[in-house]
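Chemist: this is a predicted model, with the sequence first.
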Amino acid sequence: MINTPNIPLNEALDEAVHLIYQEHLKMREGLDYKQLAAVIPYLEASKRIFLMGMGRSGLMMQAAAMRLMHLGYEAYVVGETTTPAIAQGDLLLAGSGSGSTTSIVNAAKTAKREAAKVVAITTNPESLLADLADQVLLIPAAEKNKQEEAISKQYAGSLFEQSLLLVTDALIQVLWHAGGKTADELWKRHSNLE
Ligand SMILES: O=C([C@H](O)CO)[C@H](O)[C@H](O)COP(=O)(O)O
């Protein structure tokens, strides 16, 4: 059994949930909603949407790709063997807290070379990824390798990665309601091979 000094395990877990919840409330206050809204025209105008992130950020981008597929967008996860080449008219939607993960920066360069658009979701406005992007959505969270206690007490980039799911789900929620489709209509697209 693990030992949580001076505090019962249940309380320690409740404190952790509370801490995460409070960090999200603060993150929400720091979000620039104009930037968030500015992502929508890119999603709507693109022929196909390529989503990319590495590690935990990548898992969040995969989750967003599934929802975009549910909404009827042609969405691909970069790195899947069946993902085609990006081209003009497409969008690379890249999530990277640091904005400096090599494979993501390289993918953004390729996307620009092919005249595709790039939207970056990041904590770092000075990053290579942000420089390359047509649109940046800045998440007020800590970078994975800077333990910035004032911004987040969670380990590494956890607050960013959680926020990535939150902001992409917020975009999807708004797009769903604006599209006027029922949940049942969307669900018909969900995998029947699970
Ligand atoms: O998996 C990750 C790590 O656990 C950080 O908390 C990151 O998501 C991965 O290393 C990618 O990093 P970023 O591109 O900086 O998001």
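Modeler: It's in. Numbers count the residues shown, from 1 in each chain.

Chemist: how about the residues of the protein by the ligand?
Modeler: 54-57, 96-98, 101, 104, 144, 156-158, 161 (CB under 6 Å from any ligand atom). From N, CA and C alone the C-beta is placed, and that goes for glycine too.

Chemist: for PyMOL, write the select line for the buried members of these.
Modeler: Remark: buried members of those, expressed as a PyMOL selection using 16 or more other CB atoms under 10 Å:
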select buried, resi 54+56+57+96+97+98+101+104+144+156+157+158+161
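
Chemist: for the closest residue to residue 74 other than its chain neighbours, what are its contacts?
Modeler: Spatial nearest neighbour of residue 74, chain neighbours left out: residue 48 (4.4 Å); criterion: CB to CB, 6 or more residues apart in numbering. Residues counted as contacts of residue 48 (CB atoms under 8 Å, 6 or more residues apart in numbering) are 73, 74, 75, 76, 84, 86, 89, 90, 91.

Chemist: just to check, residue 86 is in contact with residue 112?
Modeler: No: in this structure residue 86 lies outside contact range of residue 112 using CB atoms under 8 Å: 10.0 Å.

Chemist: ok so, going back, could you identify the most distant pair in the residues of the chain next to the ligand?
Modeler: Across the residues of the chain next to the ligand, the longest distance by CB to CB is 18.5 Å; it joins 104 and 158.

Chemist: double-check that residue 93 belongs to a strand.
Modeler: Yes: under DSSP: H, G, I helix; E, B strand; the rest coil, residue 93 falls within a strand.

Chemist: mind pulling the model confidence for it?
Modeler: Predicted confidence (pLDDT) for residue 93: 98.
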